[in-house]
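[1] next come a sequence and a model predicted from it.
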Amino acid sequence: MQDGLQIGRADDETDQVRKKSTTLEMLASHGAVEVTRQRIAEGKHFYLDQASEWAGFEFIYLLSGSMTLRKADRDLPLHPGDYLHHHGLPERVYFRVDTDIELLMVSSPPSSHLVRDEIQGIMALARSVEEKDEATEGHCHRLERLAILTGERLGLSGDRLIDLSYGAYLHDIGKVRVSSEILNKPDRLTETEWEEMRKHPEYGAEMLREKPFLRGAARIVLAHQERFDGTGYPKGAAGEEIPIEARIVAVVDAFDAITSERPYQPALPKERAIEELKANAGTQFDPRVVRAFLSVIGEENAG
């Protein structure tokens, strides 16, 4: 037992099972106990709450994949067959998913209810964007993954990485309030159409603030179209006035937009996108974020 968290080890590791999405499935419930199976994709971060936020019971068994318990003094890798048990933590604990994982969770309400509601809310928001903007689906997943890697490179951790994950995935959620004709128009937008398009960060932030666990993401969504030199929108914020998470999303968003097929432009090579990021570092983008992102891309290319 350490810090209210008991960790068990398996004797043998099992084969990893690759999954493509994050899902939570109710398997059984009896009285005050629920059994669920959760699949979480590689690169994501999640947490268990401290006793002040939730005083229930929770047992988590790692069925497949690998993850890391992030602690201030050291990281603890977890593998198939390892488990976690707690019934009240002195502080929130964080995990990074190193490869796609599958968890078996036994918990007392309201833990699984809260997690399930959060996931359902996220998926509903994401689907609403995908239905409106034909170029968004893969874009959101790619942004989330690259933004987290860049955030890690810049030293972000804990809640900031989780907010970045939500903010990157849902950065364009406000587009559900923009007409499909504008979103998918193959020609140049008129000034009136651009005025409407430029409202989507405010629309998105307003939507996310309605959910307490997304309020950190809302400030990222609001600022993701700001520019480092202060010429962006909606507020014309500049430099350090822009949350670092929003500066990360701006860089990753631009890279993916340039290298993806869009109604108004063909996909361009990664080399062209890298040139654009370098050319606009210090004006449109934070140079420190550009360097961190390019180091991430460089490692991926090398891999």
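    Looks like it arrived, so ask away.
[2] switch to C-alpha atoms for all contacts and neighbour counts from now on
    Noted.
[3] for the record, mean pLDDT for stretch 166-178?
    Mean pLDDT, computed over stretch 166-178, is 91.
[4] in it, what's buried?
    166, 167, 168, 169, 170, 171, 172, 173, 174, 175, 176, 178 (16 or more other CA atoms under 10 Å).
[5] return the residues in contact with the fifth one.
    For residue 170, the contacting residues are 125, 126, 140, 221, by CA atoms under 8 Å, 6 or more residues apart in numbering.
[6] from residue 98, how far off is residue 43?
    Going from residue 43 to residue 98 by CA to CA, to the nearest Å gives 6 Å.
[7] neighbours around the nearest residue to residue 235 once chain neighbours are set aside, how many?
    Spatial nearest neighbour of residue 235, excluding adjacent residues (CA to CA, 6 or more residues apart in numbering): residue 226 at 7.4 Å. Residue 226: 26 surrounding residues under other CA atoms under 10 Å.
[8] so residue 226 sits right up against residue 242, yeah?
    Yes - counting by CA atoms under 8 Å, residue 226 does reach residue 242; the two are 7.2 Å apart.
[9] circling back: would you turn the contacts of residue 170 into CSV with pLDDT, neighbour count and distance to residue 284?
    CSV is the format used below for the contacts of residue 170 (pLDDT from 0 to 100; neighbours: other CA atoms under 10 Å; distance: CA to CA, whole Å):
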residue, pLDDT, neighbour count, distance to residue 284
125, 73, 17, 28
126, 70, 20, 27
140, 84, 23, 21
221, 97, 31, 17
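[10] mind listing which of these are in strands?
    The strands in this structure, assigned by DSSP state E, contain none of the contacts of residue 170.
[11] from those residues, pick the one nearest residue 262.
    residue 140 (14.0 Å; CA to CA).
[12] got the contact list for that closest one?
    168, 169, 170, 171 are the contacts of residue 140 under CA under 8 Å, 6+ apart.
[13] and with 10 Å instead?
    126, 129-130, 166-173, 253, 256 (CA atoms under 10 Å, 6 or more residues apart in numbering).
[14] ok so, going back, gap between the residue nearest to residue 235 and residue 273?
    From residue 226 to residue 273 the distance is 19 Å (CA to CA).
[15] can you check residue 294 too?
    10 Å.
[16] could you do residue 295 as well?
    14 Å.
[17] counting neighbours, go ahead and name the busier of these two.
    residue 273 (18 against 15).
[18] circling back: could I get the contacts of residue 170 in JSON lines, plus columns for distance to residue 103?
    Output for the contacts of residue 170, formatted as JSON lines (distance: CA to CA, whole Å):
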{"residue": "125", "distance to residue 103": "24"}
{"residue": "126", "distance to residue 103": "23"}
{"residue": "140", "distance to residue 103": "24"}
{"residue": "221", "distance to residue 103": "30"}
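[19] helices - which of the residues you listed land there?
    Among the contacts of residue 170, DSSP state H puts 125, 126, 140, 221 in helices.
[20] from the residues you listed, which is closest to residue 158?
    residue 221 (18.6 Å).
[21] what sits against the closest one?
    Contacts of residue 221 (CA under 10 Å, 6+ apart): 164, 166-174, 200-206, 208, 215, 245-246, 249.
[22] about what we covered before: verify the contact between the residue nearest to residue 235 and residue 240 for me.
    No - using CA atoms under 10 Å, residue 226 is not in contact with residue 240; the gap is 11.2 Å.
[23] joint contacts of the two?
    With CA under 10 Å, 6+ apart, residue 226 and residue 240 have common neighbours residue 247.
[24] show me the domain layout of this structure.
    Following automatic domain parsing, the chain resolves into domains at 6-109, 119-302.
[25] comparing the ones you listed, which stretch has the densest surroundings?
    domain 119-302 (a mean of 19; mean count of other CA atoms under 10 Å).
[26] how about residue 198, what does it touch?
    Here residue 198 is in contact with 174, 175, 178, 225, 232, 233, 234 (criterion: CA under 10 Å, 6+ apart).
[27] quick one: which of those residues is nearest residue 84?
    Checking the contacts of residue 198 one by one against residue 84 (CA to CA), the nearest turns out to be residue 174, at 37.8 Å.
[28] so what's that closest one closest to, chain neighbours aside?
    Using CA to CA, 6+ apart, the closest residue to residue 174 is residue 204 (3.6 Å).
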